[in-house]
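Visitor: for reference, the sequence and a predicted model appear below.
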Amino acid sequence: MDVSMQVRVNGESREATVPPRLLLVHLLREQFGLTGAHVGCDTSSCGACTVHLDGRAVKSCTILAVQADGAEVTTIEGLAAADGELHPMQQAFWENHGLQCGYCTPGMIMAATDLLARNPHPSEDEVRHALEGNLCRCTGYHNIVKAVLDCAEKTEVPA
Amino acid sequence: MIPAEFDYAAPESLDDAIALLVEAGDEAKVLAGGHSLIPMMKLRLSSPSLLVDLRRVPGLAGVERNGGLRIGAMTCHADLEHDSSLGLLSTVAGKIADPQVRARGTIGGSLAHGHPASDLPAVLLAADGSVVVRGPDGEREVAAGDLFRGFLDTDVAAAEIVREVRLPSLDGFGFGYQKFNRRSEDWAMVAVCALVRVAADGTCEDVRIGLTNMATKPLRARAAEDALRGKPLDAASIAAAAEEAADGTDPSGDLNATPDYKRHLARVLCRRALTEAAP
Amino acid sequence: MSTTEVPPAAPHVGRSLKRKEDPRLITGRASYVDDLTVPGLLHAAIVRSSEAHARIVSVDTSAALAHPGVVAVFTGEDMADLLSPLPMAWVPPGVEVNNPEHWPLARGEVNHVGDAVAVVLGDDRYAVIDGAEGVVVEYESLPVVTDPEAALAGGPLVHESLATNKVHEWSLGGGDLEAGFAAADVIVERRIVNHRTSGSPIEPRGVIADYRTGSLTLHSSTQVPHFVRLFLALMLGISEERIRVVAPEVGGGFGAKLQIYAEEVIAAWAARKTGRPVKWIETRTEHMAASHHGRDQIAYVRLGAKSDGTLTALHARIIADFGAYLMLLTPVIPSLGAFVMGGVYKIPAVQTDITGVFTNKVSTDAIRGAGRPEATHMVEVCMDQLASELQIDPVELRRRNFIPKEDFPATTAFGIVYDSGDYHAALDKLLDHFDLDGFRAEQTELRQRGIYRGVGFSTYTEICGLAPSRVTGPSGFGLQTGLWESAMVRVTVTGAVIVYTGSSPHGQGHETTMAQVVADRLGVDPQQVEILHGDTGTGPMGLGTYGSRTTAVGTESIARATEKIVDKARRIVAHQLEAAPDDVELIDGRFAVRGSPGKGMTLAEVSGAAHIPDNLPEGMEPGLEATNFYDPENFVFPFGAHACIVEVDADTGKVEVIRYLAVDDCGPAINPMLIDGQIHGGIAHAIGQALYEQIHYNDEGQLTTGTFLDYCLPTAAELPTFETDRTVTPSPVNSLGVKGIGEAGTIAGTPAVLNAVVDALRPLGVTFLNMPLGSMAVWNAIQEASA
């Protein structure tokens, strides 16, 4: 039986009626039209679906939409300022060529901002381990790591 | 890949949750963080007819200190990881999967699930911890040694819920945790948790060693423990004890690790974990 | 968005401009296939074989059809109206190739786990997955063969009708092999295994087919939209002008999307059959089981040399496991390796003999590097083996045998002409960044403490810029296509520039690099140059992006089309300003008259004049656009030198890459930052194969590495920061002097890793290893060596 739920997404209150098995990533993508979170695997491995749930980076492919009832969700679409000004992490990915095909990028950026919220000045090793739940096939991670370190250096309070 | 259809309930008390489980019988599953269960449901390796979500049940998360630790079953790995005062538990929690998984996966869920390659069961076993389980007939405390029965099989009945995890005080123990995997986000190929307490004369007063993925359930490396207890905590005794680490184990083999290789790893990791744990 | 930033002035070529494509990608606003929808959409799920080899006895679709939301289920028999099976595009002159029919949905028999058996269509993404679970297929098992050598040696037949598991035999060679080996003082012989891998772009494949009033629009996550259109036309019997194929944002390819796939045809067929648009999105599990794989070769390699290290002969006998069917380029892949067998060395006699084999596995085809990583691996591993045998330093052995720069263009023993190169310079530069003597001293010291470090080198060249048609085409190498590229450059009335390229990017950054090339030639800002790609409904036919061909072929084509615009602009300016066309040149963003810098016109003014033709030269057509089809004279041959430094935990066998250095040469850089990015990703792909990634089937033909849990792409935590540098040796083949760079890191990388591990473990008696270098394999090798 479908379940009614309410969730704040990118600062906006949304209501939805969902089958219990609907995954959060599909609620976001198909009911709310927020297609920035991507699906890249079936096993919670790739992290392309990473969003923030109540302020923490999570894999939205491994969370039922109903589990987000009453919660606050931030997706890549909600990261830039309302006037379109990029989040410092987005800017850092751009400037450091931290992306190629872009498919893993929203998840990477959401995982990276989560790291800096916890640890504003991570070491390279800490960055690499903080991103171990996000797979990229294009960049070899080199410029992603560089972007995160660059963002940490340039911003005091990133999130 | 998506789960098969199921009914869903998010009760507001543990007793309501248990009543729902009793009513549904064997086909119901408890949903905590969901990071063991939902992946299995997506691959259709598990298809419960009802999920009873504990997210609305109050008082299930958090750490209480009273000599030992009482940890709410719904406490997620990340909360343990980021509290460095938790020592061993913090270290181990930080090695589970990846940050996103740690933000959702819970200690109670992990222990109730009983996956042979997951990190926390062997820690509970080494620490002589226990879980408090509530069911239709009330609460009972299940010692770690009795909790893990086999592959994904724990002494938590279908209508029971792990409410709390208890760890006795580990004051005076040094700890070591060695996890071996292909990539740091992977399940353990083998992991060893060692706790060592040193006597005034420098010998090993007490030692407890938990093994991960060396059988269908976590094991204590009793032979290695016995070999070290009372001995000086030097490299030679540790190495000799570690040689016994695979005694009585029965690991499964796969493409990346045969049983023999896992036994070898257990010995190497045991030596390293003991070295780490020794003062 | 920082669009207010002042762009750097021309020249833009050679600068690390931020990518034009990034704003949409970093904000989640890009549109990959699964982000698109069409009203009335049906979702599709494929029922796949659980058997490696079986006859299909029956398919019971009743439960699926009864499932709420399921609209239709089709099987191979329902698709009997297809005009031809899935294509294989190689028909080499004089070579017999056994090519079984390969239908999008199996007809009577399945030949690998994951073979498509039926398609379930329905209104809801979740309903069709449930429906597919409900389709009951009854199989009668047939004998299975997964080992290619067993398949050749009389193992069970994959295709009984062919009476053999041998696909073909093909050879390329030159020089006197027998004399070469007779002259050798030492011959190294090794069996080198290059195991099966998956391309695994993070975006799985996907397709949306929409058939309306006789016309088909198909969006597919593909590297080759024009080929997809062509083959859909041939298979479905729809005339090409009624088909439009679009590759929208494509989330990586790595060769895995250089294919004509069953699902593209199934979706198009089903859309026509049902009258409703059909969407199919691959799951990762499906990608592992049903998207083509790469590599999977066993090579018996012999390398002969004089005692001073001078190479005398090289012979590679390759057994290539093609899996169950020949897909678009399957049998060509090992041949691409044969084109660079011998690598960067002067070898008087070289021969490659290839035998293709059927097994009950999914097909192999192009995956990043496609044949060239395998050949490079053979050569570079054998060079280290030889160095050890001769007690010559592996760096020195390489130097002694490099084709010297004065030999270029250099013709190999088998007749391929390397365009340009300076191999000594690349290796010298690498060693500027890596203190080899210092490393050796440290290595010796660390070994005393039980720490095993090693360095491995790889010096390579590769053949890329896939073209030219005269070599690759029907009367040459046997591809049933030309291999050129097209471009159309259009300047609008306001001076905006729109470029249509036949290339089809999927992460490379073409929108930026191509704009840089055009902008400099037209005196505009790259932001004003829009690159349109991947859409058969817009520009001329193109051949797609693969084989490191886009910059050397596609961008050159754009440069040539742009030159036509420049030429016309100069004539217009000359006419308007009463000067001679030859005196008009681009100065500070204006087409100005030489000697009279005040007299000139911007591109917008020129285009305005061209579109409002009241003062054009006599007989000149209005408008300002040009088309070019470019078919180069030769391939291009990037090259370089890589070094990998590893530490091996001798107690467990675990290998860690602690440094990786690469000096690569792809000619003059258009955008250095993007070149580095390609190298980084290529190296990671190689390290992934060497240490972590392996597609494995068990003896029953079951895929045991079917998800990202067991097919281990390396994460950030497994890889080091890469140290890259470049040398610049222009190619004489194209006007830009450029060579491809998308595959170089992958082609160079695996032998550097493997040689490093062997170097680390020599004190323990390990002298040779094969990939993948998982910890158990390495530990076993240490045990065997010390036994």
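Guide: Here it is on my side, so go on.

Visitor: give me the phi and psi angles of the closest residue to residue A:153 other than its chain neighbours.
Guide: Setting aside the residues directly before and after it, residue A:153 is nearest to residue A:121 in space (CB to CB, 6 or more residues apart in numbering or on different chains), at 8.0 Å. For glycine as for every other residue, the C-beta is placed from the backbone atoms N, C-alpha and C. Main-chain dihedrals, residue A:121, degrees, to the nearest 10: phi -130, psi 70.

Visitor: and residue A:121, how far from residue B:94?
Guide: Distance of residue A:121 to residue B:94, computed by CB to CB, to the nearest Å: 18 Å.

Visitor: among the two, which residue is more densely surrounded?
Guide: Per other CB atoms under 10 Å in any protein chain shown, whichever of residue A:121 and residue B:94 has more neighbours is residue B:94, with 18 against 10.

Visitor: so what's residue C:47 up against?
Guide: Going by CB atoms under 8 Å, 6 or more residues apart in numbering or on different chains, residue C:47 touches C:59, C:116-120, C:132, C:135, C:137.

Visitor: likewise residue C:256?
Guide: Residue C:256 neighbours (CB under 8 Å, 6+ apart): C:198-201, C:205, C:287, C:291-292, C:367.

Visitor: mind listing which of these are in strands?
Guide: Of the contacts of residue C:256, the ones assigned to strands by DSSP state E are residue C:198.

Visitor: which one among the contacts of residue C:256 gets closest to chain B?
Guide: Of all the contacts of residue C:256, residue C:287 has the smallest distance to chain B: 11.7 Å, by CB to the nearest CB.

Visitor: can you pull the contacts of the closest one?
Guide: C:198, C:200, C:204-205, C:256.

Visitor: which of the residues you listed has the most neighbours?
Guide: Using other CB under 10 Å as the neighbour test, these are led by residue C:204, with 30 neighbours.

Visitor: hmm, that one is touching residue A:42, no?
Guide: No - Residue C:204 lies out of contact with residue A:42 (CB atoms under 8 Å); the separation is 9.6 Å.

Visitor: once you drop chain neighbours, what's closest to the residue in the stretch 51-200 of chain B that chain C sits nearest to?
Guide: For the stretch 51-200 of chain B and chain C, the shortest gap (CB to the nearest CB) falls at residue B:184, measuring 4.5 Å. Closest residue to residue B:184 apart from its sequence neighbours, by CB to CB, 6+ apart: residue C:717 at 4.5 Å.

Visitor: and chain A, which of the contacts of residue C:47 contact it?
Guide: The overlap between those and the neighbours of chain A (CB under 8 Å from any CB of the partner chain) is empty.

Visitor: narrow the residues you listed to those in strands?
Guide: C:59, C:116-120, C:137.

Visitor: next one: the residue lying farthest from the centre of chain C from chain A, what distance?
Guide: Going by CA atoms, centre = their mean, the residue of chain C most distant from its centre is residue C:578, 50.5 Å out. For residue C:578, the distance to chain A equals 47 Å [CB to the nearest CB, to the nearest Å].

Visitor: what's the burial count for the residue in the stretch 201-350 of chain C that chain A sits nearest to?
Guide: Ranked by CB to the nearest CB, the top residue of the stretch 201-350 of chain C for proximity to chain A is residue C:251, at 3.0 Å. By other CB under 10 Å, 31 other residues sit near residue C:251.

Visitor: chain B versus the residue farthest from the centre of chain C, what's the distance?
Guide: Distance of residue C:578 to chain B, given as CB to the nearest CB: 69 Å.

Visitor: what residues are up against the residue in chain A that chain C sits nearest to?
Guide: Distances between chain A and chain C by CB to the nearest CB are smallest at residue A:36, namely 2.1 Å. Shown in contact with residue A:36 (CB under 8 Å, 6+ apart): A:75-77, A:106, C:27-29.

Visitor: now intersect those residues with the helices, please.
Guide: In this view, the contacts of residue A:36 that belong to helices under DSSP state H are residue A:106.

Visitor: which of the contacts of residue A:36 sit farthest apart?
Guide: A:75 and C:29 (11.5 Å; CB to CB).

Visitor: more crowded one of the two?
Guide: Comparing residue A:75 with residue C:29 by neighbour count (other CB under 10 Å), the higher total belongs to residue A:75, at 24 against 16.

Visitor: let me see the backbone angles for that one.
Guide: According to degrees, to the nearest 10, residue A:75 has phi -110, psi 170.

Visitor: and the strands in the stretch 301-450 of chain C?
Guide: With strands called from DSSP state E, counting those that start in this stretch, the stretch 301-450 of chain C shows them at C:311-323, C:350-358, C:410-411, C:417-418.

Visitor: what's the first one packed up against?
Guide: So the one you mean is strand C:311-323. Applying 3 or more CB pairs under 8 Å, 6 or more residues apart in numbering or on different chains; DSSP states H and E, we find strand C:311-323 packed against helix C:148-152, helix C:177-182, strand C:293-305, helix C:333-338, strand C:350-358, helix C:372-390.

Visitor: what residues does the shortest one touch?
Guide: By that I understand helix C:148-152. Residues contacting helix C:148-152 (CB under 8 Å, 6+ apart): C:145, C:158, C:165-166, C:296, C:298, C:319-321, C:355, C:357-359.

Visitor: equivalent analysis for the fourth one, please.
Guide: Residues outside helix C:333-338 that contact it (CB under 8 Å, 6+ apart): C:170, C:172, C:294, C:297, C:316, C:318, C:320, C:352, C:354, C:356, C:364-366, C:370-376, C:378, C:414, C:463, C:477, C:547.

Visitor: please repeat the previous calculation with a cut-off of 6 Å.
Guide: Contacts with helix C:333-338, where a contact means CB atoms under 6 Å, 6 or more residues apart in numbering or on different chains, come from C:172, C:318, C:320, C:352, C:354, C:370-372, C:374-375.

Visitor: do the second one as well
Guide: Identification of contacts with helix C:177-182 by CB under 6 Å, 6+ apart yields C:304, C:312-313, C:315, C:348-349, C:351.

Visitor: need these in CSV (columns: distance to residue B:207 and neighbour count).
Guide: Output for those, formatted as CSV (distance: CB to CB, whole Å; neighbours: other CB atoms under 10 Å in any protein chain shown):
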residue, distance to residue B:207, neighbour count
C:304, 59, 25
C:312, 62, 23
C:313, 62, 26
C:315, 59, 23
C:348, 67, 19
C:349, 65, 23
C:351, 63, 22
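
Visitor: which one of the contacts of residue C:47 is nearest residue C:458?
Guide: Closest approach between the contacts of residue C:47 and residue C:458, by CB to CB: residue C:116, at 38.8 Å.

Visitor: contacts only, for that closest one.
Guide: Residue C:116 touches C:46, C:48, C:105, C:262, counting by CB under 6 Å, 6+ apart.
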